[in-house]
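here is the input, now give the coordinates:
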Amino acid sequence: MNQKIVILLLLSSSFFWVAVRTAPFDDASTTNDDISIVDENEVSSPKADFCFERGVLKQATEICAYWQSMVDPTVKNPGLHNVKDKPENILAAIKCLLALKGKKNEAKIHGATNPYVSDIFLEPCTVEVAALFYATYLFYGRWDYVMAIVLVDTKAGLFAYNTQYAIDRAYELYNIWYEEILKIGLEKAREIKLDPLKNSEIQWY
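Residues are numbered from 1 along each chain as shown. Model prediction:
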């Protein structure tokens with residue numbers, strides 16, 4: 001699937017902000033009604049046939065590839081796009097993104113997500129960090145819910161960015177968070193603003 005890179009540069013005397021992300025080209029022939037996932041719990045089964053796009057049966061592994069390709073340049077989008085913003089799709093996405101733990105290659109997205117951030121993040125984040133950010137974005141529906149795609153270990157110091165301990169701990173907390181969402185439902189979880197890192201020493205920048 002063709003993709004374009006969107007690069008935003010904002011310069012002023014007080015800050016320098018770079019945000020990089022990939023976005024699919026618009027396809028007028030496909031609408032949001034083309035794709036639907038039946039059961040988010042089946043996403044881990046490669047034999048679970050549950051998605052149609054343009055009459056072609058898609059496998060669970062292809063659904064995961066779609067979501068993972070949003071952050072991992074080594075994963076090819078199998079051709080899905082315009083996935084519905086339905087609870088089962090979001091939950092499937094989060095589960096697939098959490099499976100990227102341990103992926104150390106450079107992510108497609110990194111840096112600040114808010115123009116008011118004055119820090120410069122020269123070192124790109126890894127896929128496993130970007131995956132947690134993207135899961136957060138899908139849950140809250142906002143790119144700027146966090147200030148930057150950087151995990152901070154508040155006990156280790158102000159500049160303890162994206163340490164392995166912070167990443168491992170964050171994945172533990174995000175998996176607990178995901179299980180809680182499954183129990184209470186996405187709508188309720190969003191209503192109460194269920195935060196995976198609440199009261200934790202690990203926080204987003």
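
helix or strand right after the longest helix seen in the chain?
The residue-count maximum for a helix in the chain (DSSP state H) belongs to helix 164-184. The helix or strand immediately downstream of helix 164-184 is helix 186-191, counting by DSSP states H and E.

just checking, next helix/strand downstream of that next one?
strand 202-204.

so what strands line up beside that following strand?
strand 151-153 (antiparallel) (DSSP bridges).

helix or strand for the residue nearest to Leu100 when sequence neighbours are not counted, which one?
Nearest residue to Leu100, sequence neighbours excluded (Cβ to Cβ, 6 or more residues apart in numbering): Ala131, at 4.0 Å. In short, each C-beta sits where N, CA and C put it, glycine included. Assigned by DSSP H and E, Ala131 belongs to helix 127-140.

tally of neighbours for the nearest residue to Glu201 once chain neighbours are set aside?
Leaving aside its sequence neighbours, Glu201 sits nearest to Lys155 (Cβ to Cβ, 6+ apart; 4.6 Å). Neighbour count for Lys155, taken as other Cβ atoms under 10 Å: 10.

hang on, Lys155 packs against Arg169?
No: Lys155 is beyond contact range of Arg169, at 10.4 Å (criterion: Cβ atoms under 8 Å).

which neighbours do those two have in common?
Residues touching both Lys155 and Arg169 (Cβ atoms under 8 Å, 6 or more residues apart in numbering): Glu201.

so what pLDDT did the residue nearest in space to the middle of the chain get?
Centroid check for the chain by Cα atoms, centre = their mean gives Tyr134 as the closest residue, at 1.6 Å. pLDDT recorded at Tyr134 is 97.

list the contacts of it.
Trp67, Met70, Val71, Leu97, Ile109.

what packs against the helix or strand where the first one lies?
So the one you mean is Trp67. Per DSSP H and E: Trp67 is located in helix 60-68. When contacts are defined as 3 or more Cβ pairs under 8 Å, 6 or more residues apart in numbering; DSSP states H and E, helix 60-68 sits against strand 49-53, helix 87-98.

hey, least reliable of these by pLDDT?
strand 49-53 (a mean of 40).

which residues are contacting stretch 168-181?
Against stretch 168-181 from outside (Cβ under 8 Å, 6+ apart): 91, 94-95, 98, 101, 128, 132, 135, 139, 151, 153, 189, 194-197, 200-202.
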